[in-house]
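Engineer: Got a sequence here, can you model it:
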Amino acid sequence: MALKTKTSTRIGVTVLGWGIALWLFFPIFWMILTSFKSEVQAISTPPKLFFMPTLSSYGEVFERASYWHFALNTVIVSVGATAIAIALAVPAAYSMAFLPSKRTRGTLLWMLSTRMLPPVGVLVPIYLLARNTHLLDTCTGLAIVDMLTNLPIIVWMLYTFFREVPAPILEAGRMDGATRWQEMTMVLLPLALPGIASTALLSLILCWNEAFWSLNLTSSHAAPLTAFIASFSSPEGLFFGKLSAASTLAVAPILVFGWISQKQLVRGLTFGAVK
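Structural biologist: Numbers count the residues shown, from 1 in each chain. Below is the predicted model of the structure:
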């Protein structure tokens, strides 16, 4: 009886998991499906699941805009912002995890609270700062803003991962004569590498998908893929076929990258869960 109950529970959890996964994936599936439709098929009611696929929307997308220009800007901004954020967050998280003070908890909570601030609330000052420093419509300016936006959550994640590293290992390094810098770079970082890798992947995804600052701080020279998608929304209306094709081209690289690196991501997110 207990075996039957356990089997039924396992089947129920499996079905529920697949149901949630399909529900989450359905918008992506429908976007890809719509990208292979003509504009007439894309707005037909009721929508058709079976149709004659066409690449006309993709052809019009490539004719209208330089996809590779937007993709290169996205890669530069995402990788640059992630690299700078990790370089700043590692020593910050190290000091908070292993050299805490009475203000550490308050500092962490304050950093996290900045993520709750609506971006539009600081749009004007950041726009003016970017304009006055000649960083408007540049990959450097957008990378700095993305880095600052994601830095609190990166520090929090690294702080959590570093706390899982056994303190005696670091003490053994100090007893062998390691300096603080050597302790961090030669002892801590190799142990926490899965956590750092998963944090970097998350930061990369957040930067890749960022739209608000991309649309407000760039126009043409440094515009990333989010601006590329928005360019297919016009006063005449939404062209769902071309919009879906542009969106598919924008999310495809990060989807493929996330699929390839999913083992490393899961390994990093579960770092320290089993001791």
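
Engineer: which helices and strands does the longest helix seen in the chain pack with?
Structural biologist: What stands out as the longest helix in the chain, according to DSSP state H, is helix 2-35. In terms of contacts (3 or more Cβ pairs under 8 Å, 6 or more residues apart in numbering; DSSP states H and E), helix 2-35 is packed against helix 240-260. Any C-beta I mention is one placed from the backbone N, CA and C, and that applies to glycine too.

Engineer: which secondary structure elements does the helix it packs on contact?
Structural biologist: By 3+ Cβ pairs under 8 Å, 6+ apart, helix 240-260 packs against helix 2-35, helix 39-42, helix 56-64, helix 67-98, helix 193-209, helix 225-230.

Engineer: follow-up on the earlier one: got the angle between the longest helix of the chain and helix 240-260?
Structural biologist: Taking axes from the mean of the first three to the mean of the last three Cα atoms, to 10 degrees, helix 2-35 and helix 240-260 form an angle of 140 degrees between their directions.

Engineer: list the buried ones in helix 2-35?
Structural biologist: Within helix 2-35, the residues that qualify as buried are 31-35, counting by 16 or more other Cβ atoms under 10 Å.

Engineer: Columns pLDDT and distance to residue 90 on top of these, output as a markdown table?
Structural biologist: Formatted as a markdown table, the buried residues of helix 2-35 follow (pLDDT from 0 to 100; distance: Cβ to Cβ, whole Å):
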| residue | pLDDT | distance to residue 90 |
| --- | --- | --- |
| 31 | 87 | 36 |
| 32 | 87 | 37 |
| 33 | 87 | 42 |
| 34 | 86 | 42 |
| 35 | 86 | 40 |
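
Engineer: Let me have those residues in TSV, extended by distance to residue 88.
Structural biologist: Shown next, in TSV, are the buried residues of helix 2-35 (distance: Cβ to Cβ, whole Å):
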residue	distance to residue 88
31	35
32	37
33	42
34	41
35	38
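
Engineer: of those residues, closest to residue 128?
Structural biologist: Distance from residue 128 was checked for each of the buried residues of helix 2-35 by Cβ to Cβ. The minimum falls on residue 31, at 36.2 Å.

Engineer: I'd like the mean pLDDT over stretch 230-246, please.
Structural biologist: Confidence over stretch 230-246, taken as the mean pLDDT, stands at 77.

Engineer: ok so, going back, what's the closest of the helices and strands packed on helix 240-260 to residue 163?
Structural biologist: Once Cβ to Cβ is applied to these, the stretch that comes out nearest is helix 67-98, at 5.1 Å.

Engineer: now the angle from that closest one to helix 193-209?
Structural biologist: Our comparison of helix 67-98 with helix 193-209, counting by the same axes, to 10 degrees, yields an angle of 140 degrees.

Engineer: Please renumber the chain so that the first residue is 196 from this point on.
Structural biologist: New numbering, starting at 196: the last item is helix 262-293.

Engineer: and helix 262-293, which residues are buried?
Structural biologist: Judged by neighbour count using 16+ other Cβ under 10 Å, the buried positions of helix 262-293 are 262, 265-266, 268-277, 279-281, 284-285, 287-293.

Engineer: Convert the C-alpha atoms of the next helix or strand after it to CSV, please.
Structural biologist: Note on helix 262-293: by DSSP states H and E, the next helix or strand toward the C-terminus is helix 299-308. C-alpha atoms of helix 299-308 as CSV (Å, rounded to 0.1, in the frame of the first residue of the first chain):
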residue,chain,number,x,y,z
THR,A,299,27.1,44.0,7.1
ARG,A,300,23.5,42.8,7.4
GLY,A,301,22.2,46.3,7.0
THR,A,302,24.4,46.9,4.0
LEU,A,303,23.2,43.7,2.3
LEU,A,304,19.5,44.6,2.9
TRP,A,305,20.1,48.1,1.6
MET,A,306,21.8,46.7,-1.6
LEU,A,307,18.9,44.3,-2.1
SER,A,308,16.4,47.1,-1.6
